[in-house]
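Asker: prediction below, plus the sequence it came from.
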Amino acid sequence: MEIKKELFEASAKIIGISIEDAIAHHKVLENINSIYVWNSIRGGAAVIMENEDSFLYANSSINFDEHLRAFLSGKRTEPKMFKK
């Protein structure tokens, strides 16, 4: 899966990290054509990003498996929550 720079940029903006950190802390979810990006600091958020309009944000209380299950069940974050 080729990861577009825009996905890293959008992920970084959503969880409040640099693009470099997003690139360093990501996992490709090839079976669902998405990426998982996390903030590595204690209490940091994460996002599963399919594209700039289809993603699911999670705070640090949600582990990866719960986050992925929610994404696979169709839950998404409303994009306008993160647009200014």
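Answerer: Everything's here; your move. Residues are numbered from 1 along each chain as shown.

Asker: okay, stretch 75-82 in PDB with CA atoms only?
Answerer: In PDB, the C-alpha atoms belonging to stretch 75-82 read as follows (Å, rounded to 0.1, in the frame of the first residue of the first chain):
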ATOM      1  CA  LYS A  75     -17.700   4.100  13.400                       C
ATOM      2  CA  ARG A  76     -16.100   7.300  12.200                       C
ATOM      3  CA  THR A  77     -15.200  10.600  13.700                       C
ATOM      4  CA  GLU A  78     -17.000  13.600  12.100                       C
ATOM      5  CA  PRO A  79     -14.300  15.400  10.100                       C
ATOM      6  CA  LYS A  80     -15.600  18.900  10.900                       C
ATOM      7  CA  MET A  81     -14.600  18.300  14.500                       C
ATOM      8  CA  PHE A  82     -11.000  18.800  13.400                       C
END
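
Asker: what residues sit buried inside that stretch?
Answerer: residue 77 (16 or more other CB atoms under 10 Å). Just so you know, the C-beta spots here come from the backbone N, C-alpha and C atoms, and that holds for glycine as well.

Asker: so how far is that stretch off the chain centroid?
Answerer: 11 Å (CA atoms, centre = their mean, to the nearest Å).

Asker: repeat that for stretch 70-84.
Answerer: Stretch 70-84 sits 10 Å away from the centroid of its parent chain (CA atoms, centre = their mean).

Asker: list the contacts of it.
Answerer: For stretch 70-84, the external contacting residues (CB atoms under 8 Å, 6 or more residues apart in numbering) are 13-14, 32, 34, 47-48, 52-58, 62.
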